[in-house]
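coordinates only, no sequence provided:
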């Protein structure tokens, strides 16, 4: 089984240049595979990404979220992010592998596509669909609650979140060195971003999914 993340950038037209979000997204996607075989950015503000290990899908979505929430106009003095991202995660099989991910097929692609169409209706920016409805019901509740936190991240909180999600075993002191900020600043941002709670959601997701994949 694989995971497929389908997403689009919300209010991307607020920015004077698409490079403000395209560059960090492309750089991160390049660490996950080759374009366009494993990922592709289409229609100017939409993307699709294949994740070979489904257990990695949620933390990858969190990282994408943290990267986009750091984007703002270069001449803005505001610490609020100008744009956001909505994503659907589909888990399932891959029955056809094309040269472009957008032409590949299987239940993972179908699940991500179907759920993506429900994002606006569900009033959430992150949703999942798997072969296991009971799992989906529970995890989607966690994601809806997590979204309340992540949708409100300012740039400082998103910077910290990205560093933690990319380096989950690092201490607060080590994260502080990455961001060049003091321990008390790390602690404050840590609480604001609700890092412990989000890491717990990812842990529950991984444990429950691993049991289903056995």
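Arrived safely, thanks for sending. Owing to the predicted nature of the structure, the values given are computational and were not obtained by experimental measurement.

output the below-cut-off pLDDT ranges for this protein.
Low-confidence segments of the chain (pLDDT under 70): 73-81.

what do you get if the cut-off is 80, keeping everything else the same?
Filtered on pLDDT under 80, the chain yields the residue ranges 14, 16, 73-82.

center of it, which residue is that?
residue 61 (1.8 Å; Cα atoms, centre = their mean).

what's the helix or strand harbouring residue 162 packed up against?
Residue 162 is part of helix 155-166 when elements are defined by DSSP states H and E. Helices and strands touching helix 155-166, by 3 or more Cβ pairs under 8 Å, 6 or more residues apart in numbering; DSSP states H and E, are helix 57-68, helix 172-179, helix 183-193, helix 195-213. Just so you know, the C-beta spots here come from the backbone N, C-alpha and C atoms, and that holds for glycine as well.

out of those, deepest packed?
Most buried of the helices and strands packed on helix 155-166 by mean neighbour count (mean count of other Cβ atoms under 10 Å) is helix 57-68; its value is a mean of 24.

switch the helices and strands packed on helix 155-166 over to JSON lines; also include distance to residue 102.
Putting the helices and strands packed on helix 155-166 into JSON lines (distance: least, Cβ to Cβ, whole Å) gives the following:
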{"stretch": "helix 57-68", "distance to residue 102": "17"}
{"stretch": "helix 172-179", "distance to residue 102": "34"}
{"stretch": "helix 183-193", "distance to residue 102": "33"}
{"stretch": "helix 195-213", "distance to residue 102": "25"}
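
residue contacts, the residue lying closest to residue 33 once chain neighbours are set aside?
By the measure of Cβ to Cβ, 6 or more residues apart in numbering, the closest residue to residue 33 outside its immediate chain neighbours is residue 39, 6.0 Å from it. When contacts are counted by Cβ atoms under 8 Å, 6 or more residues apart in numbering, residue 39 is found next to 29, 32-33, 47-50, 101.

likewise for residue 187?
So residue 187 contacts residue 172 (Cβ under 8 Å, 6+ apart).

can you give me the distance of it to residue 138?
31 Å (Cβ to Cβ, to the nearest Å).

quick check: the closest residue to residue 160 other than its chain neighbours vs residue 201, distance?
In space, and not counting its chain neighbours, residue 160 is closest to residue 189: 4.1 Å by Cβ to Cβ, 6+ apart. Distance of residue 189 to residue 201, computed by Cβ to Cβ: 18 Å.

for residue 44, same thing?
Residue 44 is 31 Å from residue 201, by Cβ to Cβ.

what's the first-to-last distance across stretch 104-123?
In stretch 104-123, first residue to last residue: 28 Å (Cα to Cα, to the nearest Å).

re the thing from before, list phi and psi for the residue nearest to residue 33.
When read as degrees, to the nearest 10, the backbone of residue 39 gives phi -160, psi 160.
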